[in-house]
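Visitor: sharing a sequence plus its predicted fold:
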Amino acid sequence: MKICPSYLSFILYNPIRKVLTDREKILDESGISASSVVLEVGAGNGFITEAIAQRAKKVYAVELQHGMVKKLRKRVEGFGSKVDILLCDIANCDIVEGLADVCIMYYSFHEIGNQAGAVRNIWKAIKNDGILSIYEPTIEVNKASMQETIGMFQAIGFERELERDSLFTRFVRLRRVKNK
């Protein structure tokens, strides 16, 4: 798996991407409301994190790279204790069970090395009946790979609710439906 290095973070947060990405739509289709506690996996430099923090009650932003965390802290400092940054690999992170109403991964799951471990920890973190939203770039994740990702989450107890592909993005929303 190839991870976007922090020195290229300007690609992740730039004026063109802000224009081309409807972050409000992402939050809407992910079911994020003012009362939501959100786990964001692969927060990077905060492109989606800041939008989540403007809407949600609480955000737990998981990021693996020290360089990205430094940029993320700067981006979300105005939100105070509303955003907690967890510097860890989601596959090995000590996540509280039932922590989140929603988990969102925006262009990040394909970069995770230990996807099986990540799936287990995400399952643990999401409350029963909670939402998991996965967005992946079409240029890096083909349809078959996206279906494999969906299958891994379905195998542990998520059900597919909504799925779509656009020019740049593959998206699926799943719901945690049972305890395993």
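Guide: Received it, and whenever you're ready, just let me know what you need.
Visitor: hey, what's the closest residue to residue 29 other than its chain neighbours bridged with?
Guide: Sequence neighbours aside, residue 173 is the residue nearest to residue 29 in space, at 6.4 Å (criterion: C-beta to C-beta, 6 or more residues apart in numbering). Glycine gets a C-beta too; all of them are placed from N, C-alpha and C. Here residue 173 sits in beta bridges with residue 133, residue 162, going by DSSP bridges.
Visitor: how close does residue 173 sit to residue 98?
Guide: 19 Å (C-beta to C-beta, to the nearest Å).
Visitor: who has more neighbours, these two?
Guide: A side-by-side neighbour count of residue 173 and residue 98, using other C-beta atoms under 10 Å, places residue 173 first with 21 against 14.
Visitor: would you mind measuring from that one to residue 131?
Guide: Using C-beta to C-beta, residue 173 is found at 6 Å from residue 131.
Visitor: before we move on, what about residue 117?
Guide: Using C-beta to C-beta, residue 117 is found at 21 Å from residue 131.
Visitor: which one's more surrounded, those two?
Guide: Between residue 117 and residue 131, counted using other C-beta under 10 Å, the more crowded position is residue 131 (24 against 15).
Visitor: find residues that contact each of residue 173 and residue 131.
Guide: By C-beta atoms under 8 Å, 6 or more residues apart in numbering, residue 173 and residue 131 have these common neighbours: 30, 31, 161.
Visitor: ok, the last one touching residue 174?
Guide: Right, residue 161. Yes - with contact defined as C-beta atoms under 8 Å, residue 161 reaches residue 174; the gap is 6.4 Å.
Visitor: lowest confidence element among the helices and strands of this structure?
Guide: None of the helices or strands of the chain scores lower by mean pLDDT, DSSP states H and E than helix 9-12, at a mean of 50.
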